[in-house]
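[1] Any chance you can model this:
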Amino acid sequence: MHDACNVDITSAYLKELLAPGGVMMVLEGTYNPRFQLVSFGFIEGLTQYQDERVETHLPLLPASRWCQLLEQSGFAKVGAIPEAGMAEEVFNYHLMLAQAPSEHPVLHWSPLIGRLRKELPEYMVPTNFHLIRQLPISANGKVDRKALSQRNQTVLKTEYKAYRALTQTEQQLAKIWQQVLHPESTSSESTSLEINNPEGNNSESNFFAAGGDSLLMTRIAGLIKRQWQIELSLGSLLAAPILSEQAELIDAANLLIGSVGEREEDDLMPMYDFEEGEL
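    Numbers count the residues shown, from 1 in each chain. Got it, this is the predicted structure:
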């Protein structure tokens, strides 16, 4: 996690990806030896930070500080192994453990957007929604707008865009999403994803906003492999939680496989064409 520009934002976002009560385990360097700082400086740089490391220019945080950050981000339980004073600390690495709250609120966007579209003209319907648990209050008891604008960056942002007809890949992927997110209502005739769009399918549907998490995304990866005989990494799927984005990854992988197959066929073709009777 030390690669993140802002560890506060990253910690909060990671919590949003976990299922209620889910546990995150991260192996992280927690000491800044001089030789490692040299490699950090050349490879990653030491100027991209937007958090407390702006002042220290030290990329790695101690285990105790990581625990504080994770607690501030809303994790219910946090811990680090090895504990302070243990001999294993000599390796300068810690396994961070953090458990998400057992009650993890999920906002269902469809009824909210549907109601807004009934009450407001289309141009007034918000395009970005931010889920926060409480409004930040300033010292004089008013809403702290500056803190609110900063906090908006730390939570999952879900965009609603005008929907269009789904491509064939998006339709097939929508069935997979439906199977994983709502197995009790899955049927061969139902492919509707009422996630961001109250009118049904939406290519901009967000897997996490629909109630998905990183564990369910592993099932998505397995079903994609079964459906299209391609293997997409879990990291690429987590980085592209939008239905259209994942469909583009699938189409790109299929295109790559097809081009490789064509080249292999070309390699097998004879170099010369012979007329009948020449051989």
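
[2] element containing Leu27, please.
    Using DSSP states H and E, Leu27 sits in strand 23-29.

[3] Give the partner strands of that strand in its sheet and their orientations.
    Strand 23-29 has its sheet partners listed here by DSSP bridges as strand 93-99 (antiparallel).

[4] what mean pLDDT does the next helix or strand after the strand it pairs with have?
    Note on strand 93-99: by DSSP H and E, the next helix or strand toward the C-terminus is helix 109-119. The average pLDDT within helix 109-119 is 81.

[5] do the same with stretch 80-96
    89.

[6] Map the structural domains onto the sequence of the chain.
    7-99, 161-262 (automatic domain parsing).

[7] rewinding a little: next, the buried residues of the strand holding Leu27.
    Buried residues in strand 23-29, counted by 16 or more other Cβ atoms under 10 Å: 24, 29. (Glycine included, C-beta is placed from N, CA and C.)

[8] if we look at that strand, which residues are touching it?
    1-2, 14-15, 18, 36, 60-61, 63, 66, 75, 92-100 (Cβ atoms under 8 Å, 6 or more residues apart in numbering).

[9] where do the helices sit along the chain?
    Along the chain, counting by DSSP state H, helices occupy 7-17, 34-43, 53-56, 63-72, 109-119, 145-151, 168-181, 214-228, 234-238, 243-268.

[10] shaky segments in the stretch 101-250 of the chain?
    For the stretch 101-250 of the chain, the stretches flagged by pLDDT under 70 are 104-110, 127-131, 133, 149-164, 185-201.

[11] mind listing what Leu116 touches?
    125-126.

[12] Count the neighbours of Gln179 for me.
    Neighbours of Gln179 under the rule other Cβ atoms under 10 Å: 17.
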